[in-house]
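Trainee: Fold the following, please.
(one chain, ligands or ions: 3)
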Amino acid sequence: MKIVKEAKTFEQVNTELLIVGVQKNCDHISGWSKFVSFYGESLEEWIRSGDINTDRKKMTKIPYTGSNKKLKRVLFVGLGDTKTLTENQLRETFGLVGKELRNIKACEFTIWLESFTASPIDENDIAYLFAEGARLGFYQIPNYKTTSNEIDLYMDAVHFVTEADIDEIAASFEVGKIYADAVNEARNLVNLPPNLLTATELANYAEKLAKQYDFEVEILDKAQLEELGMGGILSVNKGSKEEPRLITLKYQATEKWEGVIGLVGKGVTYDTGGYSIKPKTGMVGMKGDMGGAAAVLGAMKIIGEIRPNKNVVAVIGSTDNMISGEAFKPDDVITTYSGKTVEVLNTDAEGRLVLADAVTYAQQQGASSLIDVATLTGGVITALGFDKTGALTNNEAFFDAFIEASIETGEFVWGMPLTENDKKRIRKSDVADLNNSPGRDGHMIFGGGFVGEFIENIPWIHLDIAGTSDANQAHDLGPKGGTGVMVRTLATFVERLGEAVQ
Ligand code: BES
Ligand code: ZN
Ligand code: ZN
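Mentor: Numbers count the residues shown, from 1 in each chain. Ligands and ions are numbered 1, 2, ... in the order given. So this is what the prediction gives:
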C-alpha cells in the first residue's frame, strides 16, 4: 500500500473518495470553515437535519459534484461527542470504515485527518488508528469457493489532507499498517482448514517468517523430540499420522542474550479431544486450536518489522490431537520434558501437555520472563464470555505492565486467581506428580495453573484465548472467524516493557 507523502488541500484532492469525520460540534475543528466553503453551505444544513449522521460509528456517503472534478463522493464518519471519544472507539469506528471501503471497492482514497481530532487524540494518533482499524476492518477470510467471481481487493494508496508534518503522519500510518497486517496474517492461520495447516505447514510458515526477518530458527521434528524426551507433546501426537513440530524463533537485539522475553503458543492444529472425544458439535471449529501459536507468530512479525531493543524467544508446540490404535489414553502416565510425570485423566486437556514441554524449552533457551498463549479451556468462556481473555500470573508488576499494553490495544484481559488450593488439586495424583484434569469447577484456572507448574521462578503470564481467538459473529474490527487476538498486545508489551520488571 502506497502512503502518499504529500498533503493536499481540498481543492487538490485527486482521489474519488474523501473521508471526513463529523462530530456533534464541528465548528472547533481547524479547517472546518474551509471545508464548508469547499463543499457548499448545504453541508451544515444536512448535519443539522441529520441527513449527515454525526452519531458515533454511523456513516453517510454522499456524492460530490463541486469544483474538484476528480472527487466523486465524501464518506462522512459520525464521531458523536468527541469529548468522550476514546482511542479504542475511534479504532473501532475506523474498522467500520474499512468494511465500508471494501463494500464500495475503494482502494485509493484521501482522509482529512483534522476532522477526526479529539483532544488528546492528535493527527499522528489518527493516522495510526486509521491504518490499524481500517485494515483490520477491510480483512476478508480467504475462501475456496470455485464459483466465486470476486476479485481480490487491496488498499492501494492513501492520501492525506492535513496541516501536520506529513513525514510523521506517514510513519505513524506505517506502524498501524504493520500491526494490522500481522493480525490479519494470524487470522489467516487460524482460518486455514486443518487438512491444509498441519504442524509441518505451521513450521514452514515460521521458517518463512524467520527468513524474512532474520530470526534464528530451529524446527524440531518427531525424532528429535523423542531424543529429547518431550513426553508432553509426543503423547498428544501419538494418535496422529502427522508429525509434531517444536518451533523456536529468536530475535536478538542486544549483544548479550539476556533479559529474554519468552512467548509460548499452543499450536494444536486440530483437537478432536482424543479418546476423551468431543461431541460432534463441540469439535467443529477446533481447527482454531492453534490460535495461541498464531498470536505468537503475529507478534513476532511485528517485532521483526519494528525491531525493538529487546530479546525475544518464541516457542510453539504444534501437533494435532487425534485418535488411533496408538493414541494416548486416559489413565496413561507420561513423563514431560521437565522430568515431571503426569497422570492423564482427560486426553482433551491436551494443550497444557504441549505447553508444559514448550515452556520448559523456552526457559532452557534463556527466557527470563514468559507469556504463554493458548485456546486452552471452555472454562474461560463460561467465566468471561467471548470478549475477554482470561489470565493468570505469578508476578503482579509484570502483569500490570501487560494490562497497560492491553488497555492501549483495546484487547480486554482479565486476571483470574490461582490459589494454593488450586495448585494442590493440580498436584493430586496417586501415581504421578500432576494430573491434567482436576475437575470442571473453575477449570480455566486448572488449565493455566498446570502450565504454571513448569515455570521455574520467573515472571509469568498465562493467557487463555479460547473465547477471544475465534469470533462467532462479525465485529467492528473484522469478520466472523479468527480474530488474531493478542498479536497487538503481545507486540506492544514487548515494545514497551521496561528493564525494571524483567
Ligand atoms: N481446545 C480446547 C479448548 C477450547 C474450547 C478452545 C472451546 C476453543 C473453544 C481444549 O483443549 C479443551 O478441550 N479443553 C477442555 C479441558 C477439559 C477436558 C478439562 C475443555 O475446555 O472442556
Ligand atoms: Zn482439548
Ligand atoms: Zn485444545
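Trainee: Ala293 versus the closest residue to ligand 1 within the stretch 301-450 of the chain, what's the distance?
Mentor: Among the residues of the stretch 301-450 of the chain, Gly378 lies closest to ligand 1, at 3.3 Å counting by CB to the nearest ligand atom. To be clear about C-beta, it is placed using only N, CA and C from the backbone, and glycine gets the same treatment. Note on Gly378: its distance to Ala293, by CB to CB, to the nearest Å, is 19 Å.
Trainee: Residues contacting stretch 415-428, please?
Mentor: 383, 390-394, 399, 403, 433-435, 438-439, 442, 444-446, 448-450, 452-453 (CB atoms under 8 Å, 6 or more residues apart in numbering).
Trainee: Assess the claim that the residue of the stretch 301-450 of the chain closest to ligand 1 and Asp464 are in contact.
Mentor: No. Between Gly378 and Asp464 there is no contact under CB atoms under 8 Å: 10.0 Å.
Trainee: higher neighbour count, these two?
Mentor: Asp464 (33 against 18; other CB atoms under 10 Å).
Trainee: ok, now which ones touch that one?
Mentor: Ala374, Thr375, Leu376, Thr377, Gly379, Val380, Thr389, Gly390, Ala391, Met444, Gly447, Gly448.
Trainee: ok, so of those residues, who is nearest Thr468?
Mentor: Thr389 (4.9 Å; CB to CB).
Trainee: Look up how far Leu263 lies from that closest one.
Mentor: Taking CB to CB, one finds Thr389 at 15 Å from Leu263.
Trainee: Could you give the number of residues near the residue of the stretch 151-300 of the chain found nearest ligand 3?
Mentor: Proximity of the stretch 151-300 of the chain to ligand 3 (CB to the ion) peaks at Asp271, 3.7 Å away. Using other CB under 10 Å, Asp271 has 27 other residues around it.
Trainee: How about the residues of this protein by ligand 3?
Mentor: The chain comes close to ligand 3 at residues Val268, Asp271, Asp289, Gly351, as judged by CB under 5 Å from the ion.
Trainee: how does it look with 6 Å?
Mentor: Neighbours of ligand 3 within the chain, by CB under 6 Å from the ion: Val268, Asp271, Asp289, Glu350, Gly351.
Trainee: quick one: the first one and Asn321 touch, right?
Mentor: When you say that, I think you mean Val268. Yes. With contact defined as CB under 8 Å, Val268 reaches Asn321; the gap is 5.8 Å.
Trainee: shared neighbours of the two, which are they?
Mentor: What both Val268 and Asn321 touch, as defined by CB under 8 Å, 6+ apart, is the set Val236, Asp289, Glu350.
Trainee: Need phi/psi at the residue lying closest to the first one once chain neighbours are set aside.
Mentor: Excluding its sequence neighbours, the residue lying closest to Val236 (CB to CB, 6 or more residues apart in numbering) is Glu350, at 4.4 Å. Main-chain dihedrals, Glu350, degrees, to the nearest 10: phi -90, psi -30.
Trainee: Can you give me every residue that contacts Glu350?
Mentor: Contacts of Glu350 (CB under 8 Å, 6+ apart): Val236, Val268, Asp271, Gly274, Asn321.
Trainee: Does the helix or strand harbouring His462 reach ligand 1?
Mentor: Assigned by DSSP states H and E, His462 belongs to strand 460-464. No. Strand 460-464 stays clear of ligand 1 (CB under 6 Å from any ligand atom), getting no nearer than 8.6 Å.
Trainee: start the count at 244, not 1, going forward
Mentor: With the count now opening at 244, the last piece we talked about shows up as strand 703-707.
Trainee: That strand near ligand 2 anywhere?
Mentor: No. Using CB under 6 Å from the ion, strand 703-707 stays clear of ligand 2, coming no nearer than 12.5 Å.
Trainee: quick one: that strand to chain centroid distance?
Mentor: Centroid separation for strand 703-707 versus its chain: 15 Å, with CA atoms, centre = their mean, to the nearest Å.
Trainee: Averaged pLDDT, that strand. What do you get?
Mentor: For strand 703-707, the mean per-residue pLDDT is 99.
Trainee: Paired strands for that strand, with orientation please.
Mentor: Here strand 703-707 is paired, per DSSP bridges, with strand 610-617 (parallel), strand 632-636 (antiparallel).
Trainee: got these as TSV, with mean pLDDT columns?
Mentor: TSV is the format used below for these (pLDDT from 0 to 100):
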stretch	mean pLDDT
strand 610-617	98
strand 632-636	99
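Trainee: for the ones you listed, which one ends up most surrounded?
Mentor: Using mean count of other CB atoms under 10 Å, the stretch among those with the largest mean neighbour count is strand 610-617, at a mean of 26.
Trainee: Mind checking if whichever helix or strand comes after that one is in reach of ligand 2?
Mentor: Sequence order places helix 622-627 as the next helix or strand after strand 610-617, per DSSP H and E. No. Counting by CB under 6 Å from the ion, ligand 2 has no neighbours in helix 622-627; the shortest distance is 11.6 Å.
Trainee: re the thing from before, relative to Phe416, which of the residues of the chain next to ligand 3 is nearest.
Mentor: Of these, the one sitting nearest to Phe416 (CB to CB) turns out to be Asp532, at 34.5 Å.
Trainee: From the structure, what's the count of residues near that closest one?
Mentor: There are 27 residues near Asp532, going by other CB under 10 Å.
Trainee: So which of the shared contacts of Val511 and Asn564 is the closest to ligand 2?
Mentor: Nearest member of the shared contacts of Val511 and Asn564 to ligand 2, counting by CB to the ion, is Glu593, at 4.9 Å.
Trainee: Now do that closest one against Ser273, distance only.
Mentor: From Glu593 over to Ser273 (counting by CB to CB), the distance is 57 Å.
Trainee: before we move on, the earlier item: any chance of TSV for the residues of the chain next to ligand 3, columns secondary structure and pLDDT?
Mentor: Formatted as TSV, the residues of the chain next to ligand 3 follow (DSSP: H, G, I helix; E, B strand; the rest coil; pLDDT from 0 to 100):
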residue	secondary structure	pLDDT
Val511	strand	99
Asp514	strand	99
Asp532	coil	99
Glu593	coil	99
Gly594	helix	99
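Trainee: Need the residues you listed in TSV (columns: distance to Ala601).
Mentor: Shown next, in TSV, are these (distance: CB to CB, whole Å):
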residue	distance to Ala601
Val511	11
Asp514	16
Asp532	14
Glu593	13
Gly594	10
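Trainee: Most widely separated two among the residues you listed?
Mentor: Farthest apart among the residues of the chain next to ligand 3 - using CB to CB - are Asp532 and Glu593, which lie 8.8 Å from each other.
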